[in-house]
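Asks: coordinates only, no sequence provided:
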């Protein structure tokens, strides 16, 4: 027998022995935890419950029972003087973006996708600590945002559960074309990764995104606010392009989010079958009837409108003059239109456009929703069960009931009487693991 064969046989024997020892080793003992909740908003009901015990086994909720119970071997977390809620869900974030951190135009040519990814690690952490245990990222360079999602899922980066859209899809010169205003010689892949012109390009882009590991598709059928040279009132994608995206994405079991400000784009996108309208700033009563008929969600992002108005007024150096003018027109109407949609019975999910304002301040959206006239409990349901339904994973997130992930937060006061409590989340648990306690 040659030395190489002997070494090979030895390695096989060693590997076999290691495998047997691993199989024979006892599994790690499961962890049981009981949370004593003084007040419980479970994300299912519009009413609260008092003095409830939540039994957690590993990363899942086992039971929710009346009274403060104990169990041999289980750790007890005393939140008996707190209000306990499901981990919050922000259905519209941009974890690779932070508007306001320097000139947007200068950042475009001096920063790379690697810089954005490293920043995103910090933004993900801030988001989780703010009580948002799940997010839907609806626009970031595909390779970078998919890498961040994978790192969080593997436990290598601290952050919320992530559903990601990758690079947003739209036409040349539209909201997805980040090369607008620059010399073409400066073009970078992340500027043009989402440009689609025509149904065939739309189909191919959706398939490529799916192959790259995204969870949903984001399109921009209308112009935007923060982009240069496009009109928020105009529908810039054709119906044929929208239809190609929707049919391809749905075939691949992916949902479609549509950035749409103007009523024409909102109406057409809803009729064609998108799953959500993002912003919907200039939608009207006809739009709401169409959305309600088609079961289309609205994600209103009031804090984004409020923030860009403040930038336009107080920090004009951050926005180009044409962008500032659009911000001043869009911001003031978003709150009233969100309330109109609520009154019309449109399905609504919580989303903030985090990245347009500083990450970690997502809870401010609740205050704006309540100021707009939406009851506190409905604003909370928008960020729990409704957002989970929009994402498509209501069996795992969004509520406190048996079988769901133990994604649980708590506030010192009652957010139903003071909605700003959700800006001061004191306790955060994700998948049965405490990541923030007593505000630390």
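Replies: Noted; the coordinates are in hand. Computed from a predicted structure; not experimentally measured.
Asks: and the nearest residue to residue 408 once chain neighbours are set aside, what helix or strand is that in?
Replies: Using C-beta to C-beta, 6 or more residues apart in numbering and skipping residues adjacent in sequence, the residue nearest residue 408 is residue 429, 4.5 Å away. (C-beta placed from N, C-alpha, C; glycine too.) Assigned by DSSP states H and E, residue 429 belongs to strand 427-430.
Asks: now for that strand, which elements pack on it?
Replies: Helices and strands touching strand 427-430, by 3 or more C-beta pairs under 8 Å, 6 or more residues apart in numbering; DSSP states H and E, are helix 113-129, strand 408-411, strand 433-436.
Asks: which of those sits closest to residue 392?
Replies: Ranking the helices and strands packed on strand 427-430 by proximity to residue 392 (C-beta to C-beta) places helix 113-129 first, at 20.1 Å.
Asks: note down every partner strand of the helix or strand that that closest one is followed by and its orientation.
Replies: Next in sequence after helix 113-129, counting helices and strands by DSSP H and E, comes strand 132-137. Within its sheet, and counting by DSSP bridges, strand 132-137 is paired with strand 88-93 (parallel), strand 161-164 (parallel).
Asks: mean neighbour count, the ones you listed: which tops it?
Replies: strand 88-93 (a mean of 30; mean count of other C-beta atoms under 10 Å).
Asks: return the distance of the next helix or strand after that strand from the chain's centre.
Replies: Downstream of strand 88-93, the first helix or strand assigned by DSSP H and E is helix 104-110. Relative to the centre of its chain, helix 104-110 is centred 25 Å away, using C-alpha atoms, centre = their mean, to the nearest Å.
Asks: buried set for helix 104-110?
Replies: Across helix 104-110, burial judged by 16 or more other C-beta atoms under 10 Å covers 104, 108.
Asks: check the offset of the strand or helix carrying residue 292 from the chain's centre.
Replies: Element membership of residue 292, judged by DSSP H and E, is helix 285-294. Taking C-alpha atoms, centre = their mean, one finds the center of helix 285-294 at 24 Å from the center of the full chain.
Asks: just checking, what packs against the following helix or strand past that helix?
Replies: For helix 285-294, the following helix or strand on the C-terminal side (DSSP H and E) is strand 297-299. With contacts taken as 3+ C-beta pairs under 8 Å, 6+ apart, strand 297-299 sits against strand 276-279.
Asks: did I read that right, residue 241 in a strand?
Replies: No - counting by DSSP: H, G, I helix; E, B strand; the rest coil, one finds residue 241 to be helix, located in no strand.
Asks: could you give the mean pLDDT of the strand holding residue 429?
Replies: Strand 427-430 comes out with an average pLDDT of 98.
Asks: neighbouring contacts of it?
Replies: 79, 82, 87, 128-129, 131, 133, 160-161, 405-410, 434-438 (C-beta atoms under 8 Å, 6 or more residues apart in numbering).
Asks: apply 6 Å and report the result again.
Replies: 131, 133, 406, 407, 408, 409, 410, 435, 436, 437 (C-beta atoms under 6 Å, 6 or more residues apart in numbering).
Asks: ok, of those, which come out buried?
Replies: Among those, those classed as buried by 16+ other C-beta under 10 Å are 131, 133, 406, 407, 408, 409, 410, 436.
Asks: please tell me how far the last one sits from residue 93.
Replies: Okay, so that is residue 436. As defined by C-beta to C-beta, to the nearest Å, residue 436 lies at a distance of 18 Å from residue 93.
Asks: same deal with the fourth one?
Replies: From residue 407 across to residue 93, the span is 16 Å (C-beta to C-beta).
Asks: for the stretch 201-350 of the chain, which segments count as strands?
Replies: For the stretch 201-350 of the chain, the strands defined by DSSP state E, counting those that start in this stretch cover 216-219, 255-260, 276-279, 297-299.
Asks: for these, give me TSV that also has distance to residue 66.
Replies: Listed next are the strands of the stretch 201-350 of the chain as TSV, based on distance: least, C-beta to C-beta, whole Å:
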stretch	distance to residue 66
strand 216-219	38
strand 255-260	37
strand 276-279	37
strand 297-299	34
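Asks: so what's the residue lying closest to residue 50 once chain neighbours are set aside up against?
Replies: Closest residue in space to residue 50, ignoring its immediate chain neighbours: residue 39 at 5.9 Å, by C-beta to C-beta, 6+ apart. Shown in contact with residue 39 (C-beta under 6 Å, 6+ apart): 48, 50, 83.
Asks: cross these against helices and list the overlap.
Replies: With DSSP state H as the criterion, helices contain none of those.
Asks: neighbour-wise, which of those leads?
Replies: The most crowded member of these, judged by other C-beta atoms under 10 Å, is residue 83 (23 neighbours).
Asks: tell me the spacing between it and residue 360.
Replies: Distance of residue 83 to residue 360, given as C-beta to C-beta: 20 Å.
Asks: cool, residue 408 as well?
Replies: Distance, residue 408 to residue 360, using C-beta to C-beta: 19 Å.
Asks: likewise for residue 435?
Replies: On the measure of C-beta to C-beta, residue 435 and residue 360 end up 13 Å apart.
Asks: in three-state terms, label the residue nearest to residue 50 for me.
Replies: Of the three states, residue 39 takes strand under three-state DSSP.
Asks: begin at 44, not 1, for the rest of this chat.
Replies: Done: numbering now begins at 44, and the last item shifts to residue 82.
Asks: tell me which residues form a beta bridge with it?
Replies: With beta bridges defined as DSSP bridges, residue 82 has these partners: residue 93, residue 126.
Asks: model confidence for it, exactly?
Replies: At residue 82, pLDDT is 98.
Asks: residue ranges of each domain in the chain, please.
Replies: 75-129+442-479, 131-434 (automatic domain parsing).
Asks: residue contacts, residue 102?
Replies: Residues in contact with residue 102, defined by C-beta under 6 Å, 6+ apart, are 448, 449, 474, 475.
Asks: kindly report the same for residue 340.
Replies: Counting by C-beta under 6 Å, 6+ apart, residue 340 touches 319, 390, 392, 433.
Asks: farthest-separated two in the residues you listed?
Replies: Between all members of the contacts of residue 340, the farthest pair (by C-beta to C-beta) comes out as 319 and 390, at 8.8 Å.
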